[in-house]
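Participant: Sequence and predicted model, in that order:
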Amino acid sequence: MNAHAYQAYSNTDKTGGSIRNLEGRAFAKAAQMLNDASVGSHTDLRHALEYNLRLWTMVQASVTHPESPLPVDIRGKLLSLSIFVDRSTQEVCETKNASFVGAMVDVNRSMASAQFQQA
């Protein structure tokens with residue numbers, strides 16, 4: 001884990017938040033950024049897609065880590081969602097067609113909701 005990520009995680013106890021709450025806020029932020037950017041400029045959309053892709057890359061790293069505490073079926077489902085996000089991001093970037101953005105917003109909102117329920 002890089003120093004910045006470690007620092008963010010270690011600060012959650014000091015701010016009264018849990019890891020689940022932090023993750024929920026990250027997915028909610030990604031959903032809002034994508035939603036706002038879908039009607040904004042290409043620069044805004046690119047920035048939102050980059051943020052979202054970084055978030056889902058962390059999910060991929062987490063679920064493929066040998067010591068992941070998640071059940072195998074959940075890890076598989078999260079990996080499938082992350083692959084969907086990868087492909088959708090590529091499609092939007094290549095075609096400039098934002099039709100997949102709405103689906104990514106829905107996925108992120110569902111992830112945020114699940115994290116908040118477990119917090």
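Facilitator: Yep, it's here.

Participant: Can you give me every residue that contacts residue 112?
Facilitator: Residue 112 makes contacts with 24, 25, 27, 28, 31, as judged by CB atoms under 8 Å, 6 or more residues apart in numbering. C-beta coordinates here come from the backbone N, C-alpha and C atoms, glycine included.

Participant: So the fourth one, which state does it fall into?
Facilitator: Which is residue 28. The three-state assignment at residue 28 reads helix, by DSSP: H, G, I helix; E, B strand; the rest coil.

Participant: Now do the contacts for it.
Facilitator: Shown in contact with residue 28 (CB under 8 Å, 6+ apart): 108, 109, 112.

Participant: and if you look at the last one?
Facilitator: Residue 31 is in contact with 104, 105, 108, 109, 112, counting by CB under 8 Å, 6+ apart.

Participant: same thing but at 6 Å, please
Facilitator: For residue 31, the contact set (CB atoms under 6 Å, 6 or more residues apart in numbering) comprises 105, 108, 109.
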